[in-house]
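Trainee: Sequence and predicted structure are below.
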Amino acid sequence: MQSKTCEVCKEACHKYKCPSCSTKYCSLSCFRAHKDDICERETNRRKEEKLEENERNLRAISLAKKETEEGEITESDSSERSDDEDRISKNVLDKLGNYLS
Ligand SMILES: [Zn+2]
Ligand SMILES: [Zn+2]
């Protein structure tokens, strides 16, 4: 019986449901009262929470991206450098070998 009552005026039987919070209401006037009084605030609060969450996610993503980018750069740098060093030391060794022989 209780669930059939309008949640706005709590007097009449509800016929409709609020599309955003599924609050039950009996008439258009009750829906308007609910939207202005409760629902708008609810949806606004939810929107703000979502925005904050999105910002936090974006910051986390950009931080993770930065870390991986830096890691990739240092990794490729060190591998290139070690390749060059290998090549140089081989050349130097060859030259030294030529000098010595
Ligand atoms: Zn009502
Ligand atoms: Zn609502």
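Mentor: Good, I have the coordinates. Numbering: from 1, shown residues only. Ligands and ions are numbered 1, 2, ... in the order given.
Trainee: got the residues of the protein near ligand 2?
Mentor: With the criterion set to Cβ under 5 Å from the ion, the chain comes near ligand 2 through 18, 20, 21, 23, 39. To be clear about C-beta, it is placed using only N, CA and C from the backbone, and glycine gets the same treatment.
Trainee: Neighbour count and pLDDT for these - can I get that in JSON lines?
Mentor: Converted to JSON lines, the residues of the chain next to ligand 2 look like this (neighbours: other Cβ atoms under 10 Å; pLDDT from 0 to 100):
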{"residue": "18", "neighbour count": "19", "pLDDT": "92"}
{"residue": "20", "neighbour count": "12", "pLDDT": "86"}
{"residue": "21", "neighbour count": "14", "pLDDT": "89"}
{"residue": "23", "neighbour count": "20", "pLDDT": "92"}
{"residue": "39", "neighbour count": "20", "pLDDT": "86"}
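Trainee: what about residue 32, distance to ligand 2?
Mentor: 11 Å (Cβ to the ion, to the nearest Å).
Trainee: nope, residue 63 is what I meant
Mentor: Per Cβ to the ion, residue 63 is found 37 Å from ligand 2.
Trainee: which two in the residues of the chain next to ligand 2 are spaced the farthest apart?
Mentor: 20 and 23 (8.7 Å; Cβ to Cβ).
Trainee: intersection of neighbour lists for the two?
Mentor: The contact sets of residue 20 and residue 23 overlap at residue 39 (Cβ atoms under 8 Å, 6 or more residues apart in numbering).
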